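>>> turn this into a structure:
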Amino acid sequence: MGLEEYIKDVSTDDAAEQASNLRFQINILWGMLLYERSVVEFKLGLSMWEDCLMAAIEKFKLGGASATYIAVLVKNHYANETAQDGLGFKIDEIVQAWNEMYDIKRWLRGVPLFRLEPLFRRRVPQLHTALEHI
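Residues are numbered from 1 along each chain as shown. Now for the predicted structure:
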């Protein structure tokens, strides 16, 4: 069948190293999935989000992630928990901005600037004010 060119003889050491690397990658991916799940559970108000976060941290450690990387993820998660209203993004705002960008791309060239300005000025004063008081 001509598969001989795809089959390679791999030494035991190389096979063990490839298996180890694959195991690390799987643990990191599993940790990322658990981390994202904990964020979603937190946003939905479910009480199990802390268990998912702890399981994610364990998977990151098994995957060989650095302590700094894990600390940044945990810090970001808890920053989301304590974020003040108005400073975080809401999914509806992101979807609306995406739809507006898509609509703008569909418009013909030559659309007068005065029609586009309200889209670009949207929420800038609130963001500017919030950043000034930090």
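>>> C-alpha from now on. contacts and neighbour counts both.
OK.
>>> the longest helix along the chain: which residues count as buried?
Counting residues, the longest helix found in the chain (DSSP state H) is helix 12-44. For helix 12-44, burial by neighbour count (16 or more other C-alpha atoms under 10 Å) applies to 24-32, 34-39, 41-42.
>>> same check on stretch 57-65?
Under 16+ other C-alpha under 10 Å, the buried positions of stretch 57-65 are I57, E58, K59, F60, K61, L62, G63, A65.
>>> do I have it right that the last one meets I28?
Okay, so that is A65. Yes. Here A65 reaches I28: they are 7.4 Å apart, a contact under C-alpha atoms under 8 Å.
>>> which SSE is A71 in?
helix 67-82 (DSSP states H and E).
>>> orientation of that helix relative to helix 12-44 in degrees?
10 degrees (axes from the mean of the first three to the mean of the last three C-alpha atoms, to 10 degrees).
>>> just the CA trace of helix 67-82, in CSV.
Backbone C-alpha positions of helix 67-82 (Å, rounded to 0.1, in the frame of the first residue of the first chain) are rendered in CSV as follows:
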residue,chain,number,x,y,z
ALA,A,67,4.6,29.1,38.5
THR,A,68,4.5,32.6,37.0
TYR,A,69,2.1,31.5,34.3
ILE,A,70,-0.2,29.8,36.8
ALA,A,71,0.0,32.9,39.1
VAL,A,72,-1.0,35.1,36.2
LEU,A,73,-4.0,32.9,35.3
VAL,A,74,-5.2,32.8,38.9
LYS,A,75,-4.7,36.6,39.2
ASN,A,76,-6.7,37.2,36.1
HIS,A,77,-9.5,34.9,37.3
TYR,A,78,-9.8,36.6,40.6
ALA,A,79,-9.5,40.0,38.9
ASN,A,80,-12.6,39.0,36.9
GLU,A,81,-14.3,38.2,40.2
THR,A,82,-13.6,41.6,41.8
